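Trainee: how would this look folded up:
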Amino acid sequence: MASNSRPKRLPNHAYLNGEALEVSNLRTSQGLYKLSPQELFWQARYRYLEDHGYLLRPRYSPNWKPSWLNTNLAPIFCEDSIMLLHYQVLDATKIETSELVAIKSFVKKDQEEQIAQFFASIRDPRNHCIRCHQILPDPFEPGLGLMVMPYLRPCNNPEFSTIGDVVEFVDQTIEGLVFMHRLHIAHRDIAVSNIMMDAKALYPNGHHPIRLGYTPDALYPVSPLPRAGRNVQYYYIDFGLSVWFKPGASPYVLGNVGRAEAPEVSDDVPYDAFKVDIYALGYVFAREFGNKYKNVDFLLPLIEKMQRQQPEERPTAEQVSQEWQQKRATLNDSLFRWRLVPHSEQTIERVVNDTVAVAWEGIYHLKKLVG
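Mentor: Down below sits the predicted model:
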């Protein structure tokens, strides 16, 4: 990821003096910024991944020492002070192309590897499953693999801002679910954290892979471009709990897994894995849109059907798609540019925000008229 070509001056508080510097040095010497056991896992694989064309950040190099030692820089302004948030996945740079990728450590006992490779082999615009670039054997643990994938960003960071943002997200996630189910694969862990996006169009100069609101060097705040009019692609990730059924096989499974808390999920009573996926995606729509915003009424009937307590009363993925396309066809394109209105927004705040929105709508039509 390319950073801004013009370096900015660091704020004065990035430089420590006197007692503040002594405290920082003491905390560093006491191990405040040392690698965690999970980070040591990745450090041990640094050379192996480098030999296979992937470079981890300097923090994980075998002989890493904090870059702020013997300086007066505050550690927070040094990229190598940033610790991992999700220890199973680490970002890396593909050396040949400078592309940012994500590398996941996974247990090879389940169907995850086969499902990931299967989806990666299918070139189809309806395929909204993360593409697996490569699977490497773990150099130390035979039961583990290292899956290399594109680097993606959480689907709701930055937050959705317009009706069109919601419509595009619903379009792609329903299309992707239909695609999976047609191939007899149930995800079984659909959640907002397992739907991510390729946000390169929103951050043309990149962003830091952990400190998401900052430039790639983690020094300066960075603001995203609007989603509207840009190619933002959403992807399902994490097939660790997924099941690939043989054609004609029963879709009933056991296991209290996933995060959507569908009422029928059980360790003892078999349930339809595909109907749980429907419930789970409906839960995502409800949590991210229906429960947050006033002006997404067009989505509420579909959410209600997807989240019915009785699995047999829920639609199939194909039926969800059909109903959504019918509803979508009734929406006026001008609606897509309107901002989302939070339930928590007060009247006076809404008047101001709506005034701004009307002004931007006028500018949009003027641009179309002129150019």
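Trainee: Figure out the length between the terminal residues of stretch 333-343.
Mentor: Using C-alpha to C-alpha, to the nearest Å, the end-to-end distance of stretch 333-343 comes out at 23 Å.
Trainee: Ok, stretch 74-92 next?
Mentor: 25 Å.
Trainee: in that stretch, what counts as buried?
Mentor: For stretch 74-92, burial by neighbour count (16 or more other C-beta atoms under 10 Å) applies to 74-75, 77-82, 84, 89-92. (Glycine included, C-beta is placed from N, CA and C.)
Trainee: shaky segments in this structure?
Mentor: Scanning the chain for pLDDT under 70 picks out 1-7, 346-371.
Trainee: in it, which spans are strands?
Mentor: Secondary structure of the chain (DSSP state E): strands at 54-55, 89-94, 99-107, 134-137, 144-150, 153-154, 185-186, 195-198, 233-236, 243-244, 252-253, 271-272.
Trainee: Relative to S223, which of the ones you listed is closest?
Mentor: For S223, the closest of the strands of the chain is strand 153-154, at 14.1 Å, according to C-beta to C-beta.
Trainee: neighbouring strands for the closest one, and are they parallel or not?
Mentor: According to DSSP bridges, strand 153-154 forms sheet pairs with strand 195-198 (antiparallel).
Trainee: So for the partner strand, what gets flagged as buried?
Mentor: Buried-residue list, strand 195-198, by 16+ other C-beta under 10 Å: I195, M196, M197, D198.
Trainee: just those now: which is nearest M306?
Mentor: I195 (14.9 Å).
Trainee: Start from the N-terminal end of the stretch 251-371 of the chain and give the helices.
Mentor: Here the stretch 251-371 of the chain has its helices, by DSSP state H, counting those that start in this stretch, at 273-285, 300-306, 317-328, 347-370.
Trainee: State the distance from the closest residue to Y236 other than its chain neighbours to F119.
Mentor: Excluding the flanking residues, the one nearest Y236 by C-beta to C-beta, 6 or more residues apart in numbering is C129, at 5.1 Å. According to C-beta to C-beta, to the nearest Å, C129 stands 4 Å off from F119.
Trainee: Likewise for V107?
Mentor: Plainly put, V107 is 19 Å away from F119 if you go by C-beta to C-beta.
Trainee: just the helices in the stretch 101-250 of the chain please.
Mentor: Ranges of helices in the stretch 101-250 of the chain, per DSSP H, counting those that start in this stretch, are 112-120, 163-182.
Trainee: burial count for G255?
Mentor: 14 (other C-beta atoms under 10 Å).
Trainee: who touches the nearest residue in space to it that is not next to it in sequence in this structure?
Mentor: Sequence neighbours aside, D267 is the residue nearest to G255 in space, at 6.3 Å (criterion: C-beta to C-beta, 6+ apart). Taking C-beta atoms under 8 Å, 6 or more residues apart in numbering as the criterion, D267 is in contact with L254, G255, N256.
Trainee: one step back: now the strands of the chain as TSV including distance to N291?
Mentor: Formatted as TSV, the strands of the chain follow (distance: least, C-beta to C-beta, whole Å):
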stretch	distance to N291
strand 54-55	40
strand 89-94	28
strand 99-107	29
strand 134-137	38
strand 144-150	30
strand 153-154	18
strand 185-186	25
strand 195-198	17
strand 233-236	20
strand 243-244	29
strand 252-253	28
strand 271-272	25
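Trainee: Q30 is nearest to which of those strands?
Mentor: For Q30, the closest of these is strand 89-94, at 25.2 Å, according to C-beta to C-beta.
Trainee: and that closest one, what does it pack onto?
Mentor: With contacts taken as 3 or more C-beta pairs under 8 Å, 6 or more residues apart in numbering; DSSP states H and E, strand 89-94 sits against strand 54-55, strand 99-107.
Trainee: quick one: strands adjacent to the longest one?
Mentor: Yep, that's strand 99-107 we're talking about. In the sheet, strand 99-107 lines up against strand 89-94 (antiparallel), strand 144-150 (antiparallel) (DSSP bridges).
Trainee: Can I get these in a markdown table including distance to R287?
Mentor: As requested, the strands paired with strand 99-107 are exported to a markdown table (distance: least, C-beta to C-beta, whole Å):
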| stretch | distance to R287 |
| --- | --- |
| strand 89-94 | 23 |
| strand 144-150 | 25 |
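Trainee: Out of those, which is closest to D333?
Mentor: Closest approach to D333 among these (C-beta to C-beta): strand 144-150, 30.5 Å.
Trainee: mind checking how far the closest one is from the chain centre?
Mentor: Mean-position distance between strand 144-150 and its chain equals 16 Å (C-alpha atoms, centre = their mean, to the nearest Å).
Trainee: Send me that strand as PDB with only the CA atoms.
Mentor: The C-alpha coordinates for strand 144-150 follow below in PDB (Å, rounded to 0.1, in the frame of the first residue of the first chain):
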ATOM      1  CA  LEU A 144      -1.800 -26.800  10.900                       C
ATOM      2  CA  GLY A 145      -1.800 -25.000   7.600                       C
ATOM      3  CA  LEU A 146      -1.200 -21.400   6.600                       C
ATOM      4  CA  MET A 147      -3.800 -20.000   4.300                       C
ATOM      5  CA  VAL A 148      -2.900 -16.900   2.200                       C
ATOM      6  CA  MET A 149      -5.800 -14.700   1.300                       C
ATOM      7  CA  PRO A 150      -6.400 -11.100   0.100                       C
END
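Trainee: between the helices and strands packed on strand 89-94, which gets nearest to L10?
Mentor: When those are compared by C-beta to C-beta, strand 99-107 sits nearest L10, at 24.1 Å.
Trainee: ok, and what's touching that closest one?
Mentor: For strand 99-107, contacts defined as C-beta under 8 Å, 6+ apart pick out 1, 41, 49, 54, 88-94, 112-113, 133, 138, 143-152, 206, 209, 240.
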